[in-house]
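> Kindly generate the corresponding structure for this input.
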Amino acid sequence: MAKKIPFRQCVGCGEMKGKKEMMRVLRTTDGQVCLDVTGKMNGRGAYLCKRMECLKLARKNKGLERSFKMGIPNEVYEALEQEFTALEKELEKFESK
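Next comes the predicted model:
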């Protein structure tokens, strides 16, 4: 029997994709918001496509705020954008090999 693939909805564009194809944004128990690269950290997770446009859409439509039921300061979004940019560069290096 084929293994069931868990699907998650992007809080930016609203698309449903496989969990492994997406980035998990995490709210820890002490209220910190960060990227969870492993997908295994403890806390409340929200998912984004691995595209900067989806992060921008999530910021515009307050997708992360709704998921985490809390306000998210601009500094957090800026930090997430930097992490996304770094990840995109890593992916480009990996794909060019």
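
> Tell me which other helices or strands the strand or helix carrying Gln82 touches.
Take DSSP states H and E as the rule and Gln82 turns out to sit in helix 74-96. Counting contacts by 3 or more CB pairs under 8 Å, 6 or more residues apart in numbering; DSSP states H and E, helix 74-96 is packed against strand 22-27, strand 33-36, helix 52-61. In short, each C-beta sits where N, CA and C put it, glycine included.

> which of the residues in it are buried?
Val76, Tyr77, Leu80, Glu83, Phe84 (16 or more other CB atoms under 10 Å).

> pLDDT averaged over it - what is it?
Helix 74-96 shows an average pLDDT of 82 in the prediction.

> want to try TSV for the buried residues of helix 74-96, with distance to Leu57 as columns?
Output for those, formatted as TSV (distance: CB to CB, whole Å):
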residue	distance to Leu57
Val76	16
Tyr77	12
Leu80	13
Glu83	17
Phe84	13
